[in-house]
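> Got a predicted model here, sequence first, then my questions.
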Amino acid sequence: MDVLSDVLAVMRTGRARSAQVAWRAPWAQRFAAVPGSAGFHVVLRGTCALLRDGAEPLLLGPGDIVFRPHGDGHTLADPAGTRPAAPACSPAEAGDLPRYAAVGTPGEATTVTLCGAYELHPEMVHPLITDLPDLIHVPAGHQRLAATVDLLSAELITPGPGSGALIPALLDTMLVHLLRAWLAGVHPSGWAAGLADPVTAAALRAIHREPGRAWTVAALAACAGLSRAPFARRFTDLLGRPPMAYLTWWRMTLAAGLLRDTDATVGDVAAQVGYRSEFAFAAAFKRRFGSPPGRYRRRHRL
């Protein structure tokens, strides 16, 4: 079981957006904060500066990528630091643009950028994502990201039959490679360290492979090849919560998705996520989401 793929599958909602934009100096674009989203910028040509409140400007050149996993507001501007006259939405979110767009004439531009935005279900955002810093900078030279950027840029500039299927797939590929780049960092911590650690990674794979199994700490420790107490300490230290607390969180996350997206009965959902008692499942679900399963389903299907 691929834990990262599992995480992305449950928390994504809607479809990603993307735009390639050509800028002529002086220019500046304010990207408003969008809670429950994540987004990236790639510099394809020229240079620009990323401006954030309380931080030094970050100068970006061709091939540089910045990822904002928490939807925080920021500004992109020409290297002189031109300030926008007023806040504006991201080109990828603006209502007067198509979902996927190429804006401006690259041949006349001093800078060309490619941006993408993802919607995340606020109740499903995984701790792996909340554990990320507010800015991830991937310098030019990451081969797989560069190849994906080239393909995405080509589809935005010259769309063809199937672009409506190909562009979302390429945006998903970008997200996976951005997260991989972070997880492979020189000094991993938190969830990055947990996924790199063979003990906690083995336990996570077991949970994600069989969420409905009657797991105990001892059973998870056996999967991880460690005795119960050292395993529990190691899991909690690296991932910030005890193994059974994470198991419950993941089960409720899966249950919410089943209630929202399928017609399975509450009893069937309870069984799929490891509860023999529908009453016990409903109580656990209400503690997590603030309403019983039936009411949650009705609210999310209106």
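Cool, got the structure. Residues are numbered from 1 along each chain as shown.

> can I assume residue 42 sits in a strand?
Yes: the assignment for residue 42 is a strand, going by DSSP: H, G, I helix; E, B strand; the rest coil.

> Quick check: chain neighbours aside, which residue is closest to it?
In space, and not counting its chain neighbours, residue 42 is closest to residue 114: 4.3 Å by Cβ to Cβ, 6 or more residues apart in numbering. C-beta: built from backbone N, CA, C; applies to glycine.

> With residue 182 as the reference, measure out to the closest residue to residue 73 other than its chain neighbours.
Closest residue in space to residue 73, ignoring its immediate chain neighbours: residue 33 at 3.7 Å, by Cβ to Cβ, 6+ apart. From residue 33 over to residue 182 the distance is 21 Å, taken as Cβ to Cβ, to the nearest Å.

> re the thing from before, OK, contacts around the residue nearest to residue 42?
The contact partners of residue 114, by Cβ atoms under 8 Å, 6 or more residues apart in numbering, come to 18, 19, 20, 21, 41, 42, 44, 149, 152, 153, 156.

> what residues does the longest helix seen in the chain touch?
Assignment by DSSP state H gives helix 163-183 as the longest helix of the chain. If you take Cβ under 8 Å, 6+ apart as the criterion, helix 163-183 is touched by 4-5, 8, 15-16, 18, 38, 40, 65, 67, 100, 116, 118, 128, 132, 136, 138, 142, 144-145, 148-149, 151-152, 155-156, 159, 192, 195-196.

> What about these, which are in helices?
Using DSSP H, the contacts of helix 163-183 in helices are 4-5, 8, 128, 144-145, 148-149, 151-152, 155-156, 192, 195-196.

> Of those residues, which pair is most distant in space?
Taking Cβ to Cβ as the measure, these span a maximum distance of 34.3 Å, between 156 and 196.

> higher neighbour count, the two?
Using other Cβ atoms under 10 Å as the criterion, residue 156 and residue 196 rank with residue 156 on top: 20 against 14.

> Can you list the low-confidence ranges for the stretch 151-300 of the chain?
186-187 (pLDDT under 70).

> the helices in it, which residues?
163-183, 190-196, 198-209, 217-224, 228-239, 243-261, 266-272, 278-289, 293-300 (DSSP state H, counting those that start in this stretch).

> With distance to residue 54 added, can I get those helices in CSV?
Shown next, in CSV, are these (distance: least, Cβ to Cβ, whole Å):
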stretch, distance to residue 54
helix 163-183, 22
helix 190-196, 22
helix 198-209, 33
helix 217-224, 40
helix 228-239, 29
helix 243-261, 31
helix 266-272, 44
helix 278-289, 33
helix 293-300, 36
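
> quick one: which of those is nearest residue 124?
Among those, the nearest to residue 124 by Cβ to Cβ is helix 243-261 (5.6 Å).

> Just the CA atoms of the closest one, as PDB, please.
Coordinates of each C-alpha in helix 243-261 appear next as PDB, following Å, rounded to 0.1, in the frame of the first residue of the first chain:
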ATOM      1  CA  PRO A 243      -0.800   4.600  16.700                       C
ATOM      2  CA  MET A 244      -4.400   3.800  17.800                       C
ATOM      3  CA  ALA A 245      -5.200   7.500  17.600                       C
ATOM      4  CA  TYR A 246      -4.000   7.700  14.000                       C
ATOM      5  CA  LEU A 247      -5.900   4.500  13.200                       C
ATOM      6  CA  THR A 248      -9.100   6.000  14.500                       C
ATOM      7  CA  TRP A 249      -8.400   9.300  12.600                       C
ATOM      8  CA  TRP A 250      -7.800   7.400   9.300                       C
ATOM      9  CA  ARG A 251     -10.900   5.200   9.800                       C
ATOM     10  CA  MET A 252     -13.100   8.200  10.300                       C
ATOM     11  CA  THR A 253     -11.600   9.900   7.300                       C
ATOM     12  CA  LEU A 254     -12.300   6.900   5.100                       C
ATOM     13  CA  ALA A 255     -15.800   6.600   6.600                       C
ATOM     14  CA  ALA A 256     -16.600  10.200   5.800                       C
ATOM     15  CA  GLY A 257     -15.600   9.600   2.100                       C
ATOM     16  CA  LEU A 258     -17.800   6.500   1.900                       C
ATOM     17  CA  LEU A 259     -20.800   8.400   3.400                       C
ATOM     18  CA  ARG A 260     -20.300  11.300   1.000                       C
ATOM     19  CA  ASP A 261     -19.500   9.400  -2.200                       C
END
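
> Packing partners of it?
Packing partners of helix 243-261 (3 or more Cβ pairs under 8 Å, 6 or more residues apart in numbering; DSSP states H and E): helix 3-11, helix 198-209, helix 217-224, helix 228-239, helix 266-272, helix 278-289, helix 293-300.
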